[in-house]
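Let's see this in three dimensions:
(2 chains)
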Amino acid sequence: AQKVTQAQTEISVVEKEDVTLDCVYETRDTTYYLFWYKQPPSGELVFLIRRNSFDEQNEISGRYSWNFQKSTSSFNFTITASQVVDSAVYFCALSEVGHNAGNMLTFGGGTRLMVKP
Amino acid sequence: EPEVTQTPSHQVTQMGQEVILRCVPISNHLYFYWYRQILGQKVEFLVSFYNNEISEKSEIFDDQFSVERPDGSNFTLKIRSTKLEDSAMYFCASRQGGSTGELFFGEGSRLTVL
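Next comes the predicted model:
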């Protein structure tokens, strides 16, 4: 069975600080996808990134960067120079590939990030 | 930009009542999903739907739940007899085809059971 663990339930930082959100996953599959979603106070789920298990290159998108380490089954997310608008709950998720039509997502418990001015 | 839309945004119901949550997936998508998030908890998979039938469901998705795609555009989740513990945010999602498609989520329907 697949499992996603976000050990940090809540993080509080001051604006402009860098912050890293941890994600550790478990899966028996060799092919899978990892995701990060943002859930602002309004409640919707906003897609941030998808990474497939064959691509271990780190990715940077503006102030966001992701560090995928297959050896430690981790997919950590860093926000550089955090802003108040980054305050949200962030979910890491895993999708195993191979089901005919499934690809259901298993979510971690989420990390609530509070960025104070 | 195409999006998944859900109605109602918030529904309050009495315990034991039937509830139908509606979703309009993105038009060329083939796979449809319902997820649930109890307040303050993680998002949990309920059911996936493809080719007019359920392809996977979780243990949460018991006989009280059903899904339907009645007219080729709507995708509905019905809870037959609501319980207090059904209070949650329900998210609909859809994706195109293949194994790599990204899930697009709707904005959610908040269900409050009194």
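
Going by C-alpha atoms from here, please, whenever you check contacts or count neighbours.
OK.

And the pLDDT for the spatially closest residue to residue A:17 that is not a sequence neighbour?
Distances taken as Cα to Cα, 6 or more residues apart in numbering or on different chains place residue A:81 nearest to residue A:17, at 5.0 Å, with adjacent residues excluded. For residue A:81, the model assigns a pLDDT of 97.

Likewise for the one 10 residues further on?
Confidence at residue A:91, expressed as pLDDT, is 96.

just checking, it touches residue A:109?
Yes: contact criterion Cα atoms under 8 Å: residue A:91 and residue A:109 qualify, at 6.8 Å.

The two - which one has more neighbours?
residue A:91 (27 against 23; other Cα atoms under 10 Å in any protein chain shown).

Specify the beta-bridge partners of the more buried one.
residue A:37 (DSSP bridges).

and the lowest-mean-pLDDT helix or strand in chain A, what does it pack onto?
Least confident helix or strand, chain A: strand A:59-61 with a mean of 86, by mean pLDDT, DSSP states H and E. Judged by 3 or more Cα pairs under 8 Å, 6 or more residues apart in numbering or on different chains; DSSP states H and E, strand A:59-61 is in contact with strand A:64-69.

what's the offset of the strand it packs on from the middle of its chain?
9 Å (Cα atoms, centre = their mean, to the nearest Å).

ok, which residues in chain B are in contact with chain A?
B:31, B:41-45, B:48-50, B:55-56, B:99, B:102, B:104-108 (Cα under 8 Å from any Cα of the partner chain).
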